[in-house]
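K.L.:
sequence-free structure coming up:
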């Protein structure tokens with residue numbers, strides 16, 4: 001159940017790229033607003049540098065911590081779910097085996113019976129009145 005899928009790293013990289021794109025898509029309008037504000041507030045280049053710094057730190061955080069390089073460990077909840085799925089798969093396989101065995105027994109006992117006609121035996125039995 002602990003298979004390493006080759007598309008995991010590409011999925012993480014894709015998510016990182018999308019997140020980075022979103023960060024910088026929000027940074028550009030903020031830069032557009034902060035540059036005219038420097039003239040009004042006479043704060044110099046502090047505001048645009050703060051915007052660029054925040055975007056750079058956010059981008060670095062996404063790439064350093066965001067995906068774990070595709071080697072993220074599954075959580076305890078995911079492990080429990082994987083165990084439950086494998087148990088259900090085993091139970092389903094057992095049930096299918098039992099069902100196939102019962103069908104073969106039924107066919108051996110009633111070779112002329114059509115599949116799915118289990119009600120034919122009960123249909124010929126007369127109803128008992130309770131008077």
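P.N.:
Yes, it's here. These figures come from a predicted structure and were not determined experimentally.
K.L.:
CA atoms for contacts and neighbours, from now on please.
P.N.:
Will do.
K.L.:
do you know how far residue 106 is from residue 100?
P.N.:
According to CA to CA, to the nearest Å, residue 106 and residue 100 sit 10 Å apart.
K.L.:
ugh, typo on my part, it should be residue 93
P.N.:
11 Å.
K.L.:
Also residue 53?
P.N.:
Counting by CA to CA, the gap from residue 53 to residue 100 is 66 Å.
K.L.:
Does the residue most central in space within the chain lie in a helix or a strand, and which?
P.N.:
Among the residues of the chain, residue 78 comes closest to the average C-alpha position under CA atoms, centre = their mean, at 10.4 Å. For residue 78, the enclosing helix or strand under DSSP states H and E is helix 76-109.
K.L.:
In that helix, which of the residues would be classed as buried?
P.N.:
Going by neighbour count (16 or more other CA atoms under 10 Å), nothing in helix 76-109 comes out as buried.
K.L.:
just how off-centre is it within its chain?
P.N.:
In terms of CA atoms, centre = their mean, to the nearest Å, the centre of helix 76-109 is set 23 Å apart from its chain centre.
K.L.:
domains of the protein?
P.N.:
8-72, 74-110 (automatic domain parsing).
K.L.:
Out of those, which gets the lowest mean score?
P.N.:
Ranked by mean pLDDT, the domains of the chain end with domain 8-72 at the bottom, a mean of 82.
K.L.:
what about residue 112, which SS state?
P.N.:
Using DSSP: H, G, I helix; E, B strand; the rest coil, the structure places residue 112 in coil.
K.L.:
Revised request: answer the last question for residue 63.
P.N.:
Put simply, residue 63 is helix when judged by three-state DSSP.
K.L.:
if I pick it, what's in contact with it?
P.N.:
Contact analysis of residue 63 by CA atoms under 8 Å, 6 or more residues apart in numbering lists residue 16.
K.L.:
try 6 Å this time
P.N.:
Counting by CA atoms under 6 Å, 6 or more residues apart in numbering, residue 63 touches no other residue.
K.L.:
Having no further points to raise, I will conclude here.
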